[in-house]
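*Asks:* Sequence and predicted model, in that order:
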Amino acid sequence: MKRQEAEAGTKRNREGNDRMDILITVIVIIALALVWVMLYDSNRFVVKKYTVEDERIRKPCRAVLLTDVHNKRYGKDNEKLLEAIGALQPDFVLIAGDVLTAGRGASLEPALELLGKLAEKYPVYYANGNHEHRLKLYPRVYGDMAQRYGAALEEMGIRPMVNAHAKLPEYGIAVYGSEIDERFYKRFRLTEMEADYLPEILGQASRELFTVLLAHNPDYFPRYAAWGADLTLSGHIHGGVARVPFWGRGVVSPSWHLFPKYDGGIFREGDRTMVLSRGLGTHTIPVRVFNPGELWVVEFRPRGS
């Protein structure tokens with residue numbers, strides 16, 4: 001009897017060890033798969049397209065949208081990204097901020113190298129993100145980085161659109177670039193934006209031309225729409241860093257908001273639209289999981305064309 005009990009106990013232990021081995025094997029496989037996805041998605045981008053039609057648009061044109069590059073290079077000298085942009089044959093380039101990463105002593109070369117090559121071929125309309133803005137706000141931290149960056153951009157013919165706009169009458173489009181206060185980038189909570197804030201810094205949106213607003217932070221899309229932006233182009237959220245498979249939601253924003261409402265894709269407020277890019281680089285949480293970078297192409301068409 002004792003022998004039978006001992007054999008039964010040995011069998012149970014063996015079965016328990018087998019189950020533990022299987023569990024550990026499954027965990028290791030899942031972990032390796034996630035590492036592979038992280039490395040894969042952190043070093044690739046996809047091209048997304050959006051088409052807008054409006055009676056104010058006078059002739060067809062195409063733009064590419066870049067956001068949140070954060071000094072990322074795709075291939076030597078960003079050749080893969082530049083090749084993809086060239087293949088799309090844009091009429092102009094729209095940038096919604098954070099081409100560089102604000103860091104003490106960080107290199108400006110990757111951002112300037114990319115922008116210089118773009119400016120050689122295309123008109124570039126560039127609105128600052130919170131990282132470009134931060135360089136100007138904290139010279140004690142970043143030294144003369146803002147001045148050096150600004151001088152280099154001016155030399156290549158790029159003037160950041162700091163609450164300014166450019167009219168493109170041949171296309172029937174007006175491009176506005178916003179730079180909102182640092183208080184609107186607070187972590188863990190959303191700061192209320194007053195209804196009169198955007199009119200104060202941007203003036204009134206054009207009614208005669210189709211209005212495109214480059215606005216880095218998408219959290220304030222309802223305010224952008226109410227101001228008069230027909231099409232808002234945003235970034236900042238990095239697609240939520242990691243996305244939940246099948247559900248498709250982003251997990252966390254750079255401001256540490258869990259499952260942010262605006263995480264990537266197309267959003268609407270009435271007849272106003274926001275294209276929210278998941279960006280091209282990484283920052284703060286330097287990985288992407290089920291969340292490759294995005295290069296957006298926007299097609300502008302006269303209504304009925």
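*Replies:* Now that the structure is in, tell me what you want to look at.
*Asks:* what are the ranges of the strands in the chain?
*Replies:* Ranges of strands in the chain, per DSSP state E, are 45-54, 61-66, 92-95, 124-126, 164-168, 173-177, 210-214, 231-234, 265-269, 272-276, 293-302.
*Asks:* List the neighbouring strands of the second one plus their orientation.
*Replies:* The strands that strand 61-66 pairs with in its sheet are strand 92-95 (parallel), strand 293-302 (antiparallel) (by DSSP bridges).
*Asks:* Kindly report the same for the first one.
*Replies:* With DSSP bridges as the test, strand 45-54 is paired with strand 293-302 (parallel).
*Asks:* returning to what we had before: most packed of the strands paired with strand 61-66?
*Replies:* Most buried of the strands paired with strand 61-66, by mean neighbour count (mean count of other C-beta atoms under 10 Å): strand 92-95, with a mean of 23. (Glycine included, C-beta is placed from N, CA and C.)
*Asks:* Any chance you could list what contacts it?
*Replies:* 61, 63-67, 85, 118, 122-127, 168, 175, 212, 214, 233, 298 (C-beta atoms under 8 Å, 6 or more residues apart in numbering).
*Asks:* again, 10 Å this time
*Replies:* The contact list for strand 92-95 (C-beta atoms under 10 Å, 6 or more residues apart in numbering) reads 61-67, 69, 85, 114-115, 118-119, 121-129, 132, 158, 160-161, 166, 168, 171, 173, 175, 177, 212, 214, 216, 233, 235, 275, 296, 298.
*Asks:* thinking again about what came up before, got the strands paired with strand 61-66 as a markdown table, with mean pLDDT and distance to Thr191 columns?
*Replies:* Output for the strands paired with strand 61-66, formatted as a markdown table (pLDDT from 0 to 100; distance: least, C-beta to C-beta, whole Å):
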| stretch | mean pLDDT | distance to Thr191 |
| --- | --- | --- |
| strand 92-95 | 98 | 24 |
| strand 293-302 | 98 | 27 |
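*Asks:* need those in JSON lines with distance to Arg44, can you?
*Replies:* Shown next, in JSON lines, are these (distance: least, C-beta to C-beta, whole Å):
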{"stretch": "strand 92-95", "distance to Arg44": "20"}
{"stretch": "strand 293-302", "distance to Arg44": "7"}
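*Asks:* For Phe267, find the nearest of those strands.
*Replies:* strand 293-302 (13.6 Å; C-beta to C-beta).
*Asks:* what angle do that closest one and strand 265-269 make?
*Replies:* 50 degrees (axes from the mean of the first three to the mean of the last three C-alpha atoms, to 10 degrees).
*Asks:* Where does pLDDT dip in the stretch 1-150 of the chain?
*Replies:* 1-18, 20-37 (pLDDT under 70).
*Asks:* switch to 80 and redo it
*Replies:* 1-41 (pLDDT under 80).
*Asks:* which residues of it fall in helices?
*Replies:* 2-41, 79-88, 109-121, 130-137, 139-142, 145-155 (DSSP state H, counting those that start in this stretch).
*Asks:* How about the stretch 151-300 of the chain?
*Replies:* Going by DSSP H, counting those that start in this stretch, the stretch 151-300 of the chain shows helices at 197-202, 221-227.
*Asks:* Tell me the spacing between the residue lying closest to Tyr224 once chain neighbours are set aside and Thr67.
*Replies:* For Tyr224, ignoring the flanking residues on the chain, the nearest one in space by C-beta to C-beta, 6 or more residues apart in numbering is Thr232 at 4.6 Å. Distance from Thr232 to Thr67, counting by C-beta to C-beta, to the nearest Å: 12 Å.
*Asks:* before we move on, what about Gly281?
*Replies:* Taken as C-beta to C-beta, the span from Gly281 to Thr67 is 9 Å.
*Asks:* any residues in contact with both of those two?
*Replies:* 98-99, 238, 293.
*Asks:* Make a markdown table from those and add distance to Tyr220 to it.
*Replies:* Putting these into a markdown table (distance: C-beta to C-beta, whole Å) gives the following:
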| residue | distance to Tyr220 |
| --- | --- |
| Asp98 | 16 |
| Val99 | 21 |
| His238 | 17 |
| Gly293 | 23 |
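*Asks:* between the residues you listed, which is closest to Pro199?
*Replies:* Asp98 (25.1 Å).
*Asks:* Quick one: residues contacting the closest one.
*Replies:* 66-71, 111, 128-134, 216, 235-236, 238, 254, 279-281, 283.
*Asks:* Look up how far Pro160 lies from the spatially closest residue to it that is not a sequence neighbour.
*Replies:* Computed as C-beta to C-beta, 6+ apart, the closest residue to Asp98 that is not its neighbour in sequence is Gly129, at 3.5 Å. Applying C-beta to C-beta, the value for Gly129 to Pro160 is 10 Å.
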